[in-house]
Structures are given as C-alpha cells and as structure tokens.
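K.L.:
Quick one, structure for this:
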Amino acid sequence: MSKEKQALGAFEKYLTIWVILCIIAGVTIGQFLPQVPAFLRRFEYANISIPIAILIWLMIFPMTLRIDFSGIVKTAKQPRGLAITLITNWLIKPFTMYAIAWFFLNIVFGQWIQPDLAQEYLIGAVLLGAAPCTAMVFVWSYLTKGDPSYTLVQVAVNDIVILFAFTPIVALLLGLTNIVVPYDTLFLSVVLFVVIPFTAGFITRSVLIKRRGEKFFNERFIPKFKNITVIGLLLTLIIIFSFQGDRIIKNPVHIALISVPLIIQTVFIFALAYFWAKLWKLPHSVAAPAGMIGASNFFELAVAVAISLFGPHSGATLATVVGVLVEVPVMLTLVKIANKTRGWFSREVLEEYGIDD
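P.N.:
Numbers count the residues shown, from 1 in each chain. Predicted structure coming up:
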C-alpha cells in the first residue's frame with residue numbers, strides 16, 4: 001500500500017509541469033497541425049466532443065469502481081453537504097459571477113475593453129456561472145479522495161436543478177428572453193458522464209466481488225487504474241487546447257483579461273463552500289467535492305448556449321471558451337489546496353456519515 005502511495009505521489013508531484021507541457025502541446029498542435037483538431041471536430045455531437053467524452057469517461061470510471069452503491073441511501077440522511085452544494089450553486093454563484101465579472105470587465109479593465117464587447121463577455125461569464133459542473137467534478141472528487149457515493153448524489157441532484165433553474169437565472173441576470181436550453185447537450189452529457197460510467201462501474205464491481213471476492217477487487221483490481229484519471233486529464237488538456245489554439249494566439253490580451261474575474265470567482269466559490277463545510281463539521285471527503293462542484297463549470301452547456309444565441313465568433317462565446325481554458329489549471333490548484341488542508345477537518349464525524357475519509 002505504501003508503494004502505491006509513493007508511486008502516485010511521484011507522478012502527481014510534477015503534475016503542474018505535465019499540465020503546462022500539455023497546454024503548450026495542445027496550442028502547438030492547433031497552430032502547426034490544424035488537421036488534427038479538424039479531424040477530431042468531426043466526432044462532435046450536440047456540442048460535445050466524443051473523444052473528450054471518452055477520456056472523461058476513463059477519468060470517471062476508476063472512481064465508480066470505489067462506490068458502494070448501498071451507501072447512497074446513507075447520504076440522504078446527511079443533507080448538509082447537499083444543502084451547501086445547492087445554496088452555493090444556485091443562490092450565490094450566478095449572482096457573484098455577475099457582480100465580479102461586471103466590475104472587472106466594465107470598471108477595472110474598462111479602458112482596454114469597449115462597452116459593447118464587455119457586455120458580450122459578461123453574458124458569457126454569466127452563462128458559465130449559471131451552469132455548475134457535472135462531469136469533471138467526479139475527477140476533482142477522485143483527486144481529493146472525495147466520497148464517491150456522496151459526490152454521485154450531489155451531481156445527480158445538481159443535474160435535475162439545471163433543468164429548471166438555468167434559464168430563469170440567466171434571464172433574470174441578463175434580461176434575455178430568447179434563451180433556449182440545448183437539451184440534447186444536457187441529456188447527452190448526463191448519459192455519457194453519469195449513466196454509462198456509473199452503470200459500468202456498478203456492474204464491474206458487483207461481478208468481480210461476487211466472483212473473486214472483495215480482497216481481490218480492492219487489492220489487485222482497483223490499483224491497476226491508479227493513474228488512469230490523471231493521464232486522461234492530461235490527454236483531455238491537449239485536445240481542448242488544440243481546439244482553441246488559434247483563439248489563444250489571436251486574442252491573448254482579452255483572454256487574459258476575461259480570465260481574471262473567472263479565476264477570482266472560481267476561488268471565491270470554492271473557498272465559500274469549503275469553509276462552510278468546515279464550519280458545519282463535515283468530513284473532508286464531503287467538503288472537498290462540495291467546493292469543487294460549485295467552483296467548476298458545465299462548460300459544454302455554456303458554450304452551446306452562447307453559440308446558439310450569439311454565434312461562434314461572438315464575445316459571449318469567447319468568454320465561455322476562456323472558462324474552458326482556465327478551469328483545469330485553476331481546479332488542479334484547488335485540488336492541491338484541498339489535499340494539503342485535509343487535516344483541518346475532524347475525523348469524528350466520519351462514523352456518522354458511514355464513510356471512509
């Protein structure tokens with residue numbers, strides 16, 4: 001067991017360097033081998049890249065193997081983590097995103113961004129703020145050793161709320177009346193990132209434990225997937241940045257300006273949910289995913305709405321794309337912070353939650 005932890009630590013120790021190299025590789029491929037992203041774009045449906053979906057599936061699958069689905073019932077008896085997720089995501093995040101983005105785009109950076117363009121960027125930021133994460137939160141939860149059963153419940157409830165809350169919140173903040181939620185994007189995302197991997201994980205876990213026993217499953221089978229999540233994450237970065245390499249090269253200043261409020265919002269929402277969970281004396285394995293799900297964004301949905309309303313070359317769409325670009329590096333930083341502050345959280349409540357931290 002100690003060797004596994006040491007190997008994982010050695011791999012993750014230089015994760016920041018791997019991320020930077022993958023970003024550079026992605027931008028380079030997009031610039032000098034444009035036929036590669038052009039080919040990958042052919043495998044896109046409802047604004048979701050199937051190659052990226054496969055990689056995200058590989059990232060999520062190792063986490064699904066650890067879920068004791070019988071423990072999901074226990075999460076319903078401990079609603080505080082869900083309360084933090086729902087209140088942060090839907091009563092706080094969209095409005096703080098609007099306020100922070102408006103202040104920076106119109107006041108702080110007003111001399112560099114024209115008012116009309118600032119408004120378009122603001123729309124993109126709000127679309128991100130009103131679409132909290134679904135798929136990638138499983139990855140962040142896995143990297144922070146979050147409780148997989150509780151994370152699954154948090155994401156499932158969040159997906160249901162998106163169906164009803166996304167449109168009215170965006171309409172309220174932006175005064176837009178022609179918002180059409182791309183339900184094909186939303187439903188396909190749920191199927192690809194929740195239904196398929198968790199069904200596969202449930203079947204795999206059930207069959208192997210029944211045939212080979214829990215000792216084989218926990219000690220010999222699960223360790224085979226120990227670095228799959230991180231490797232999938234790095235490959236996803238290469239694809240994402242190859243898609244957006246041209247925009248990065250052509251709009252470096254505005255991308256940098258847009259990223260400032262998005263980063264501040266991400267860190268603020270994470271800190272709010274994370275410290276709230278600490279005040280409520282939740283275990284770290286619940287607190288970390290609760291902070292991550294609000295901090296990250298359902299960027300496929302935000303990008304799809306921006307494109308459908310304003311076109312692929314609009315400022316709103318560019319802002320949602322910037323959200324894609326900054327999310328992974330920022331979230332990896334928050335993962336590192338969450339892991340280093342694990343000791344802040346009391347272990348006394350773990351037995352109450354019936355989970356292993």
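
K.L.:
show me what contacts the most centrally placed residue in the chain?
P.N.:
Note on the chain: the residue nearest the mean C-alpha position is Met136, at 3.5 Å, using C-alpha atoms, centre = their mean. Met136 makes contact with Ile56, Ser296, Glu327, Val328, Met331 under the criterion C-beta atoms under 8 Å, 6 or more residues apart in numbering. From N, CA and C alone the C-beta is placed, and that goes for glycine too.

K.L.:
now with 6 Å?
P.N.:
Contacts here follow C-beta atoms under 6 Å, 6 or more residues apart in numbering; on that basis Met136 touches Ser296.

K.L.:
quick one: low-confidence ranges for the stretch 1-150 of the chain?
P.N.:
Scanning the stretch 1-150 of the chain for pLDDT under 70 picks out 1-14, 68-77.

K.L.:
For the spatially most distant residue from the centre of the chain, which three-state class applies?
P.N.:
Within the chain, the residue lying farthest from the chain centre (C-alpha atoms, centre = their mean) is Arg211, at 34.7 Å. The three-state assignment at Arg211 reads helix, by DSSP: H, G, I helix; E, B strand; the rest coil.

K.L.:
Okay, it and Asn251: tell me how far apart.
P.N.:
55 Å (C-beta to C-beta, to the nearest Å).

K.L.:
Check Ser314 too.
P.N.:
12 Å.

K.L.:
Check the contact lists of the two and give me the overlap.
P.N.:
Counting by C-beta under 6 Å, 6+ apart, nothing touches both Ser314 and Asn251.

K.L.:
and stretch 216-235, C-alpha only, in CSV?
P.N.:
This file holds the C-alpha atoms of stretch 216-235, laid out as CSV (Å, rounded to 0.1, in the frame of the first residue of the first chain):
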residue,chain,number,x,y,z
PHE,A,216,-9.0,-9.3,-4.9
PHE,A,217,-11.1,-6.4,-6.1
ASN,A,218,-9.6,-3.9,-3.6
GLU,A,219,-6.0,-5.0,-3.6
ARG,A,220,-5.4,-6.3,-7.1
PHE,A,221,-8.0,-4.9,-9.5
ILE,A,222,-8.5,-1.2,-8.4
PRO,A,223,-4.7,-0.5,-8.2
LYS,A,224,-4.5,-1.1,-11.9
PHE,A,225,-6.4,2.1,-12.5
LYS,A,226,-4.4,4.3,-10.1
ASN,A,227,-3.0,6.8,-12.7
ILE,A,228,-5.7,6.5,-15.4
THR,A,229,-7.6,9.5,-14.1
VAL,A,230,-4.6,11.9,-14.3
ILE,A,231,-3.4,10.5,-17.7
GLY,A,232,-6.9,11.0,-19.1
LEU,A,233,-6.9,14.5,-17.7
LEU,A,234,-3.6,15.4,-19.4
LEU,A,235,-4.8,14.0,-22.8
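
K.L.:
What is the distance between that stretch and the centre of its chain?
P.N.:
Distance of stretch 216-235 from its chain centroid, counting by C-alpha atoms, centre = their mean, to the nearest Å, is 19 Å.

K.L.:
Quick check: buried residues in it?
P.N.:
Phe217, Ile222, Thr229, Val230, Gly232, Leu233, Leu234, Leu235 (16 or more other C-beta atoms under 10 Å).

K.L.:
Assign a three-state SS to the fifth one, would you?
P.N.:
The three-state label given to Gly232 by three-state DSSP is helix.

K.L.:
Please tell me I have it right and it contacts Leu55.
P.N.:
Yes - assessed by C-beta atoms under 6 Å, Gly232 is found in contact with Leu55 at 4.6 Å.

K.L.:
could you say what helices and strands the one helix or strand Leu21 maps to packs with?
P.N.:
Using DSSP states H and E, the element containing Leu21 is helix 15-32. Using 3 or more C-beta pairs under 6 Å, 6 or more residues apart in numbering; DSSP states H and E, the elements in contact with helix 15-32 are helix 228-250.

K.L.:
got the angle between the helix it packs on and helix 15-32?
P.N.:
50 degrees (axes from the mean of the first three to the mean of the last three C-alpha atoms, to 10 degrees).

K.L.:
And the strands in the stretch 201-350 of the chain, which stretches?
P.N.:
In the stretch 201-350 of the chain, no strands are defined using DSSP state E, counting those that start in this stretch.

K.L.:
I misspoke; the intended subject was the stretch 1-150 of the chain.
P.N.:
Using DSSP E, counting those that start in this stretch, strands in the stretch 1-150 of the chain cover 44-45, 48-49.

K.L.:
Among these, which comes closest to Ala302?
P.N.:
Evaluated with C-beta to C-beta, these place strand 48-49 nearest to Ala302, the distance being 12.5 Å.

K.L.:
residues making contact with that closest one?
P.N.:
Strand 48-49 is contacted by residues Leu188, Glu300 when judged by C-beta under 6 Å, 6+ apart.

K.L.:
Within its sheet, name the partner strands of it and how each one runs.
P.N.:
In the sheet, strand 48-49 lines up against strand 44-45 (antiparallel) (DSSP bridges).

K.L.:
show me the contacts for the closest residue to Gly245 other than its chain neighbours.
P.N.:
Leaving aside its sequence neighbours, Gly245 sits nearest to Gly30 (C-beta to C-beta, 6 or more residues apart in numbering; 2.4 Å). With contacts defined as C-beta under 6 Å, 6+ apart, the neighbours of Gly30 are Pro37, Ser242, Gly245, Asp246.

K.L.:
Having no further points to raise, I will conclude here.
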